[in-house]
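> 3D model of this:
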Amino acid sequence: MTEPPTHCPEDEMADTEHEGELTVDELAARVGMTVRNVRAYASRGLLDPPRLEGRTGYYQQAHVNQLTLVRTLLDRGYTLQAVEKALQDKPAATADYALDLIGVLDSPLAREQEPETMSRSALIALTGIPRGTDLVDRMVDAGLAAVVDDDTLEVYRPDVVRAGVSAIAMGLSPETVLELLPALSTPLRAAADDLVARVRHDIWQPFAQRGMPEDEWTSVVTSIANLLPVAAQAVVAVFRDELAHSIDEALGEELAALAEQTPGS
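Below is the predicted model:
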């Protein structure tokens with residue numbers, strides 16, 4: 001009588017440990033690369049060695065993340081030499097956190113607005129001006145929109161454009177609204193550059209100088225993720241207060257001017 005095969009707990013643990021592993025062909029397919037590129041990046045030190053079983057290498061999710069980070073950085077315009085310098089000899093966990101950080105930068109809140117295709121008549125209707133063709137042409141000249149064809153425009157920063165046409169609907173002249181955009185953008189860009197420089201100096205650079213310890217990555221990524229909403233709240237709060245002061249002063253001046261007017265003047 002044949003005895004049933006014995007089940008070894010160690011074999012079960014080994015199977016669990018290696019579950020989900022990939023061959024080099026499967027790894028290349030997973031990250032959308034050729035096997036040749038995978039091997040080339042490995043030779044440059046951008047991919048940790050696989051687990052070897054005989055002559056076959058087996059790769060895990062950490063390897064997928066490493067190659068995904070390489071591909072993402074290359075897609076964002078970095079040279080291979082720059083990627084190699086930044087990532088070579090870094091632990092595999094760095095790729096996980098770096099992808100988290102890129103995910104923060106690519107979130108809808110952090111991304112610049114996508115252009116929106118709009119018909120010329122629809123944009124004119126938004127302005128509330130019956131004959132708004134000249135205003136639309138001026139938006140194009142100001143870089144807020146681009147002509148696709150005779151009937152279609154590509155509107156850049158559509159939220160800004162909508163806010164502008166709302167201001168026109170309030171009664172502001174188109175000239176005033178078009179002049180306000182650079183008047184707002186220039187100081188706000190300067191403030192944004194200053195804030196980012198301070199975050200780099202106070203948070204990122206000390207972290208990098210400490211060798212990017214793994215137990216600090218989550219805190220750093222969270223700080224950067226919170227940067228935009230916190231800064232936006234601060235800008236809105238400060239501007240609201242300054243606008244209230246300005247309105248009070250202007251109202252006082254206008255009331256004083258009315259008081260000085262003589263009856264019948």
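> is it true that Thr23 touches Thr56?
Yes: counting by Cβ atoms under 8 Å, Thr23 does reach Thr56; the two are 6.7 Å apart. Every C-beta, even on glycine, is put in place using the N, C-alpha and C of the backbone.
> break down the chain into its strands, ranges please.
Using DSSP state E, the strands of the chain run over residues 51-53, 56-58, 116-119, 145-147, 152-155.
> regarding the protein, what is its longest helix?
In the chain, with assignment by DSSP state H, the single longest helix is helix 214-260.
> helices and strands around that helix, which ones?
Helices and strands touching helix 214-260, by 3 or more Cβ pairs under 8 Å, 6 or more residues apart in numbering; DSSP states H and E, are helix 92-105, helix 174-199.
> relative to Ala232, which of the strands of the chain is closest?
Ranking those by proximity to Ala232 (Cβ to Cβ) places strand 116-119 first, at 21.2 Å.
> contact partners of stretch 187-202?
Applying Cβ atoms under 8 Å, 6 or more residues apart in numbering, the contact partners of stretch 187-202 are 223-224, 227, 231, 235.
> buried ones in it, by neighbour count?
Val199 (16 or more other Cβ atoms under 10 Å).
> do stretch 61-74 as well
Here stretch 61-74 shows 63-73 as buried, counting by 16+ other Cβ under 10 Å.
> domain ranges for the protein?
Domains of the chain are assigned by automatic domain parsing as 10-105, 111-172, 185-256.
> can I get these in TSV with distance to Leu178 and mean pLDDT?
Shown next, in TSV, are the domains of the chain (distance: least, Cβ to Cβ, whole Å; pLDDT from 0 to 100):
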stretch	distance to Leu178	mean pLDDT
domain 10-105	30	83
domain 111-172	6	81
domain 185-256	12	89
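> which members of the buried residues of stretch 61-74 occur in helices, if any?
Using DSSP H, the buried residues of stretch 61-74 in helices are 63-73.
> need the strands of the chain in a markdown table (columns: distance to Lys90).
Shown next, in a markdown table, are the strands of the chain (distance: least, Cβ to Cβ, whole Å):
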| stretch | distance to Lys90 |
| --- | --- |
| strand 51-53 | 20 |
| strand 56-58 | 20 |
| strand 116-119 | 39 |
| strand 145-147 | 41 |
| strand 152-155 | 40 |
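> quick one, which of the ones you listed is packed in tightest?
Neighbour counts (mean count of other Cβ atoms under 10 Å) averaged over each of the strands of the chain peak at strand 152-155, with a mean of 18.
> look up how far Asp134 lies from Asp75.
To Asp134, Asp75 is 41 Å away according to Cβ to Cβ, to the nearest Å.
> same deal with Pro182?
Pro182 is 19 Å from Asp134, by Cβ to Cβ.
> so what touches stretch 37-45?
By Cβ under 8 Å, 6+ apart, stretch 37-45 touches 24, 27-28, 31, 47, 49, 67, 70, 80, 84, 88-89.
> among the contacts of stretch 187-202, which one has the most neighbours?
Ile224 (18 neighbours; other Cβ atoms under 10 Å).
> who's in contact with that residue?
Per Cβ under 8 Å, 6+ apart, neighbours of Ile224: 101, 104, 199, 203-204.
> same thing but 6 Å
Val104 (Cβ atoms under 6 Å, 6 or more residues apart in numbering).
> for Val64, same thing?
With Cβ under 6 Å, 6+ apart, Val64 has these contacts: Arg30.
> same check on Val83?
70, 73.
> rerun at 8 Å
Applying Cβ under 8 Å, 6+ apart, the residues contacting Val83 are 46, 70, 73-74.
> nearest to Glu154, of those?
Using Cβ to Cβ, the contacts of Val83 come closest to Glu154 at Leu74, 27.3 Å.
> from memory the closest one sits against Leu80, does it?
Yes: Leu74 lies in contact with Leu80 (Cβ under 8 Å); the separation is 6.7 Å.
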